[in-house]
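Colleague: need a 3D model of the sequence below.
(chains A, B, C and D)
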Amino acid sequence: MTRLNQKHTAIETAIALIPDGASIMVGGFGSPGTPFALLDELLAQGQKHLTVIKNDANEPDIGIGRLIRAGRIDRLITSHIGLNRTAIEAMNQGHLAVEMHPQGLLAEKIRCAGAGHYGFLTDIGLGTEIAQGRREIECDGRTWAIEPAIRADFALVHADLADAYGNLVYRGTAINFNPLMAMAADKVIAQAFRVEAPGTLPPETVHTPCAFINHIVQVDSATSEQGRRAHVV
Amino acid sequence: MTRLNQKHTAIETAIALIPDGASIMVGGFGSPGTPFALLDELLAQGQKHLTVIKNDANEPDIGIGRLIRAGRIDRLITSHIGLNRTAIEAMNQGHLAVEMHPQGLLAEKIRCAGAGHYGFLTDIGLGTEIAQGRREIECDGRTWAIEPAIRADFALVHADLADAYGNLVYRGTAINFNPLMAMAADKVIAQAFRVEAPGTLPPETVHTPCAFINHIVQVDSATSEQGRRAHVV
Amino acid sequence: MSSDQERLLARAAREVLPGQIVNLGIGLPTRLFHYLPPDMDVLVHSENGVLGSQPVAHGAEPDLEMIDSGGAYIGTRPGASVFDSALSFAMIRRSRIDITFMGAFEVDQHGNLANWKIPGKFSPGIGGAMELAQKVDKLVVLCSHNDKHGNPKILKQCRLPLTALHCVSRIITDKAVMQVTKAGLEVVDIAEGLDVASLRAATDAELIIDETRLGRF
Amino acid sequence: MSSDQERLLARAAREVLPGQIVNLGIGLPTRLFHYLPPDMDVLVHSENGVLGSQPVAHGAEPDLEMIDSGGAYIGTRPGASVFDSALSFAMIRRSRIDITFMGAFEVDQHGNLANWKIPGKFSPGIGGAMELAQKVDKLVVLCSHNDKHGNPKILKQCRLPLTALHCVSRIITDKAVMQVTKAGLEVVDIAEGLDVASLRAATDAELIIDETRLGRF
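Modeller: Numbers count the residues shown, from 1 in each chain, chains lettered A, B, ... in the order given. Below is the predicted model of the structure:
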């Protein structure tokens, strides 16, 4: 684990840790919580053959939408890509392998890896098309599907506020998948609009404790996509 | 579900909902987070043949220790009862059935019920005495134990602060099992030192959203065990 | 928005009781937001992780970090909380949402719902619909009674891939309010000016209609 | 506290590196709290749900809602967080704790640990010990080299029910510091004034000792 006092990292250095072929979890539901600055740096550095795990595909010209357009993502594990026509086209044309999960199961599969387990047993989707390909077992006289956990090599997360140890506080609906992904990836790079000295965050207000975070990158909200991008209304 | 605007409840009324033979989750790790006022009312009302799920057994003369001494608990599902000699004696003499789980698995089994799943697959305890009696399965070439979720009819939880809708904020190490149990029980009764009007808690600071809470009971910290009980140091 | 949709939404809003927790699906149901009395003690849940959303105040600058699951900017009302996606779906799977409203491609008289995939044409992913449909006690479908070609959407049996089985409690369309019962699809209300024969003609499902008890909307 | 224990704890504190996250088990390990330099960039984790605890300031009134997993009142240092038990153990199972210190009834040369149950005598439950032992990368056992009857606690093979298999990295007793390696138990340091023959006599496990490299503590 990265030492507590060595986490504050330049964005180029942090993203340069990611090799070609890496699996990367990316926080965000729509724009809120998406680590736009980290993704733009990943686009600039050129890593390819990536597997990305993200709730959605953002929109064509922002976030992972840019990486998909640039052909840098081979495989996307997601829940819904309805706001990104480019991603749908890439999927339909076979350029992008897409693995879809119901949203709550996707969240839970990520959290399950974050809790250090193999998987969980659920009744969600039994008897529907979603159940196809899942292994099922009988317990206490009922059928349950095994949902294996989903882990990743890296997670890129967005917080509103952090301290230099890597304690994170999220804001609004930007929480979404970020704390789960911070638990589930081997190396976690967090961007935050403000990075303060340890001691500024009341212990009860910390959403993600610093034990899960390897690198903290401070980003300027005024130059981040968060600061200028309108969402679909 | 209890209507949002009908949750603020007198302690007698809330505890009177619990029948003989109920299964009850009780928050707390040691004293912090233990809902002492609710437990004292339960002692006063006389419900018996209870199954209690709690991390520990408190100490002999406080919390669930009093219920154990009064012979009101038939079965205790727990992780460690080392601070309660009365409970150990009751267990050894066969008056109290005790089911022990490793602490993190107990927490996770409760959370798993709270997430609405049947159970999870873990490698914790494989090859040890704890593994005895567990069903194991092979997945991806490795052995995993199935840990079924633990639910309950009721949960009694302690928060520092609440609003009238039942949003809860915990303080210090009083968090522990409380938010997990609030998810996992069918009816949840929360005690809080302060109950304020909706709108006083910033949305990001809420630990347990009100959707999980059925009844809010305001208790006075000065007359609660929390206010006068010293812990083992 | 058409007057049919406005009438449908006004009728749908009457399904919500004070003190309830309500989830609004993408599309038509999202607009229900504007039909709930602003002083009503109701918390709107959005599965991306907020309980207690409300429309952004007219003329106010939106908060870029606050959206609903459809991507629309929202505000929060007193008593609101925000949380992660695992907790949000725990709330759903534990049936802590009192009522959810969803659109439909097809819905049938057994309460089956299809609203996420049209094979070969439309498959953006199921999002949160499956868990909401399977686990929320009261699922109300809001949809047009017929598709744009005039074909019925209220069927004897769904043909498209299902979102969930036996999940729908009530269906509200521009033409009728229908309750799913063990006996079949009971018509509760019929649209002002519509006669029963026309309703049956526009519907594939078998309808149970007691004209003496039929409401109008 | 005996001077042997003080020496043991002073030696154990040297295992902790600046910037690490440290868990301290119940009993002797808890006292390590007082042997870490107060200005050291270290966060102490306690499995009841706190990261960044520190001893209550001398003479200060304790906060009744702040205890460690042993039940002792604690304070928090800058950078601290508190969280629920599921998250606390997620941190443990994901190996986000750098080092944990635990007591032992028995520990053996294969790195097996027994510290939770003596059948027929002592079985209060395993608490958090199993997951800490199984999942934290570096587990350091702190215990007396021999029990109160003088019997060795450092064995060829544990006899009591195990807490976890092959989990111990290092053992620090009043008599020696021993590293668990694939080859066996290597003695790193030996207590001041103790000779190798006496150490071997007090130990059931086979010890690998290179006298030319042996440290003193």
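Colleague: ramachandran angles for whichever residue of chain C sits closest to chain D?
Modeller: Nearest to chain D in chain C, going by CB to the nearest CB, is C:Ala86, at a distance of 10.3 Å. Placement of C-beta: from N, CA and C, glycine included. Here is the backbone geometry of C:Ala86 (degrees, to the nearest 10): phi -70, psi -40.
Colleague: how deep is it tucked in, by neighbour count?
Modeller: The tally of other residues near C:Ala86 (other CB atoms under 10 Å in any protein chain shown) stands at 26.
Colleague: ok, now which ones touch it?
Modeller: The neighbours of C:Ala86, taking CB atoms under 8 Å, 6 or more residues apart in numbering or on different chains as the test, are A:Gly104, A:Ala107, A:Glu108, A:Ile110, A:Arg111, A:Leu180, B:Ala115.
Colleague: so which strand or helix has the closest residue to the last one other than its chain neighbours?
Modeller: The one in question is B:Ala115. Nearest residue to B:Ala115 in three dimensions, chain neighbours excluded: C:Ala90, at 4.4 Å (CB to CB, 6 or more residues apart in numbering or on different chains). For C:Ala90, the host element (DSSP states H and E) is helix C:85-93.
Colleague: chain center to the following helix or strand past that helix, what's the gap?
Modeller: Downstream of helix C:85-93, the next assigned helix or strand under DSSP H and E is strand C:99-102. Centroid displacement of strand C:99-102 relative to its chain, using CA atoms, centre = their mean, to the nearest Å, is 4 Å.
Colleague: can you tell me which helix in chain C is longest?
Modeller: Longest helix in chain C, counting residues (DSSP state H): helix C:3-13.
Colleague: quick one on the thing from earlier: wait, which of the contacts of C:Ala86 is closest to B:Gly141?
Modeller: A:Ile110 (22.4 Å; CB to CB).
Colleague: I'd say that closest one and A:Asn178 touch.
Modeller: No: A:Ile110 is beyond contact range of A:Asn178, at 10.5 Å (criterion: CB atoms under 8 Å).
Colleague: same question for the longest helix of chain C, mean pLDDT?
Modeller: When pLDDT is averaged over helix C:3-13, the result is 95.
Colleague: give me the sheet partners of the helix or strand just after it and which way each runs.
Modeller: Next along the chain after helix C:3-13, taking DSSP H and E as the criterion, comes strand C:21-24. Here strand C:21-24 has these sheet partners by DSSP bridges: strand C:43-46 (parallel), strand C:99-102 (parallel).
Colleague: out of those strands, which gets nearest to B:Ala190?
Modeller: strand C:43-46 (16.9 Å).
Colleague: ok, the residue nearest to the spatial centre of chain A to chain D distance?
Modeller: Centroid check for chain A by CA atoms, centre = their mean gives A:Val26 as the closest residue, at 2.3 Å. Counting by CB to the nearest CB, to the nearest Å, the gap between A:Val26 and chain D amounts to 19 Å.
Colleague: tell me who's in contact with that residue.
Modeller: Counting by CB under 8 Å, 6+ apart, the residues that A:Val26 touches are A:Thr34, A:Pro35, A:Leu39, A:Val52, A:Ile53, A:Lys54, A:Gly63, A:Ile64, A:Ala155, A:Leu156, A:Met181.
Colleague: start to end distance for stretch A:35-55?
Modeller: 13 Å (CA to CA, to the nearest Å).
Colleague: and it, does that touch chain C?
Modeller: Yes: shown here: stretch A:35-55 in contact with chain C (CB under 8 Å from any CB of the partner chain) through A:Asn55.
Colleague: mean confidence score for that stretch?
Modeller: Taken as a whole, stretch A:35-55 has an average pLDDT of 97.
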